[in-house]
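# Show me the folded form of this:
(one chain, ligands or ions: 1)
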Amino acid sequence: MTASVRPVTAPADFRAMKQRGERSAWLTAYDAAFAEILGRAGVDGLLVGDSVGQVFAGFGTTLPVTLEQMIYHGGAVVRGAPESFVVVDLPFLTYQTSVRDAVWNAGRVLKETGAAAVKLEGGRAFARTVRRLVRGSIPTMGHLGLLPQSVRALGGYPLQGADEAAATALRDDAQALQDAGCFAIVLEKVPAPVARAISETLEIPAIGIGAGAGCDGQILVLYDLLGLTGRFRPRFVRRYAELGQDAGRAVHAYVRDVKDGSFPSEAESYEAP
Ligand code: KIV
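Down below sits the predicted model:
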């Protein structure tokens, strides 16, 4: 079904949505086919997340993902949903090394994919980087709370902002990113009251994942929502379908039909000229 809403076209539109009290719905996308479906279904923002490394490529973390891979997937998503607002993640080691690297690599993402914006992980330590990106006309989304690219430093994927000092640090990070020019911030795996308080303080939207209902929008990994990921079932994911099971049944039926000779039928075959 095609949604009747006007597509979001500029980063500032998300701030306007927040001012109107309108929540934005985001999903990850990694390929043209799903991107087309999401665009038609009225998703406000498509994130080509570096979660592509885990969900699509089977790595254990996002760390191995390269800029070339993000550009490949980013281009596919933009081609599948040319009307959608597409954000592409800057992968590990493409912006932490220097501000110059960040501008160069983010610029390549915009030039070579046609995406609308980039996203990077981190707070005050990256405010200068964000400022330079935005000054260079590269719209930038922040990412706070659980930072998957910091998995080695964190020793896993723990809840963030769980005590008062950590919650205060998160709020200060969010303020710094807003001041530096981010048009929105992803808040990942943060207690709901902390995320709500941060969302209420900010003028830009906070897009939550595992951060409760008080955020200005929500994002999920598409494969989790569709039930395509078997083992990964954190409490913040709502599975709206079980496509993994459907796919398994379909492939099972195909194998059966090939083996018993019922596929292909005459109607599925070409006659002699
Ligand atoms: O990489 C990703 O998919 C993300 C989302 C979890 C927000 O950053």
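
# pLDDT weak spots in the protein?
Residues of the chain that meet the criterion pLDDT under 70 lie in 1-7.

# List, one by one, the residues from this structure near the ligand.
In this structure, the chain approaches the ligand at residues Thr28, Leu47, Gly49, Asp50, Ser51, Asp89, His143, Val186, Glu188, Ile209, Ile219, Val221, judged by Cβ under 6 Å from any ligand atom. In this view, the C-beta of every residue, glycine as well, is placed from N, C-alpha and C.

# what's around the nearest residue to the first one once chain neighbours are set aside, how many residues?
Once its chain neighbours are removed from consideration, Thr28 has its nearest residue in Gly49; the separation is 4.4 Å (Cβ to Cβ, 6 or more residues apart in numbering). Neighbouring residues of Gly49 were enumerated by other Cβ atoms under 10 Å; the total is 31.

# I figured Gly49 hits Val221, correct?
Yes. In terms of Cβ atoms under 8 Å, Gly49 counts as a neighbour of Val221; the distance is 6.9 Å.

# Spell out which residues are contacts of both of these two.
Thr28 (Cβ atoms under 8 Å, 6 or more residues apart in numbering).

# Am I right that Ala250 is in a strand?
No. Per DSSP: H, G, I helix; E, B strand; the rest coil, Ala250 lies outside any strand segment and is helix.

# Could you give the backbone dihedrals for whichever residue of the chain sits closest to the ligand?
Using Cβ to the nearest ligand atom, Gly49 is the residue of the chain that sits closest to the ligand, at 2.2 Å. When quoted as degrees, to the nearest 10, the phi and psi of Gly49 stand at phi -80, psi 150.

# now Leu222
Its backbone dihedrals place Leu222 at phi -50, psi -40, with angles given as degrees, to the nearest 10.

# hang on, it packs against Leu38?
Yes. Leu222 is in contact with Leu38 according to Cβ under 8 Å; the separation is 7.2 Å.

# Overlap in contacts, the two.
Leu27, Ala29.

# picking up where we left off before, quick one: residues contacting the residue of the chain closest to the ligand.
Contact analysis of Gly49 by Cβ under 8 Å, 6+ apart lists Thr28, Tyr30, Asp89, Lys119, Val221.

# Redo those as a markdown table? Include secondary structure and neighbour count.
Conversion of those to a markdown table gives the following (DSSP: H, G, I helix; E, B strand; the rest coil; neighbours: other Cβ atoms under 10 Å):
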| residue | secondary structure | neighbour count |
| --- | --- | --- |
| Thr28 | strand | 26 |
| Tyr30 | coil | 27 |
| Asp89 | strand | 29 |
| Lys119 | strand | 23 |
| Val221 | coil | 23 |
